[in-house]
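Enquirer: coords below, sequence missing:
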C-alpha cells in the first residue's frame, strides 16, 4: 500500500515537472528590424511557438518608463504566424 502511494506521489510531481522542463518558449522575430519608433511606425513581429499563441502585449520602454503599445487576445489557441501593428 505504501509503495502505491509513493508511486502516485512521484507521478503527480514528475508529470507536471517534465512538461515544464520539456516545453519550448516563444520566439519573436522583428522583420525588418526597427531602428527607431516614431508616429505610426509599422512594426511587424513573427511569433513562433509550437503550442500556439493566446495573447500578445506590446510594450515600449524608454528612459526607464514602460508604455503599453498594443494588446491582442484570441479566444482559441491557434497559431498566428505574423502580426503587424503601428506604434508611436
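Expert: Right, received. Where do you want to start? These numbers were taken from a predicted model, which means no experiment stands behind them. Numbering: from 1, shown residues only.
Enquirer: which residues of this protein fall in strands?
Expert: 27-30, 41-48, 55-62, 65-73, 82-87 (DSSP state E).
Enquirer: Would you format those as a markdown table with mean pLDDT, mean neighbour count and distance to residue 21 included?
Expert: The C-beta positions use only the backbone N, C-alpha and C, and glycine is treated the same way. Output for the strands of the chain, formatted as a markdown table (pLDDT from 0 to 100; neighbours: other Cβ atoms under 10 Å; distance: least, Cβ to Cβ, whole Å):
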| stretch | mean pLDDT | mean neighbour count | distance to residue 21 |
| --- | --- | --- | --- |
| strand 27-30 | 83 | 11 | 18 |
| strand 41-48 | 78 | 15 | 20 |
| strand 55-62 | 78 | 11 | 23 |
| strand 65-73 | 73 | 11 | 28 |
| strand 82-87 | 59 | 13 | 29 |
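Enquirer: Including distance to residue 16, could the ones you listed go into TSV?
Expert: Output for those, formatted as TSV (distance: least, Cβ to Cβ, whole Å):
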stretch	distance to residue 16
strand 27-30	23
strand 41-48	24
strand 55-62	22
strand 65-73	25
strand 82-87	30
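Enquirer: Please identify which of these is closest to residue 4.
Expert: Distance to residue 4, taken as Cβ to Cβ, is lowest for strand 55-62 among the strands of the chain, at 40.6 Å.
Enquirer: What is that closest one packed up against?
Expert: strand 41-48, strand 65-73, strand 82-87 (3 or more Cβ pairs under 8 Å, 6 or more residues apart in numbering; DSSP states H and E).
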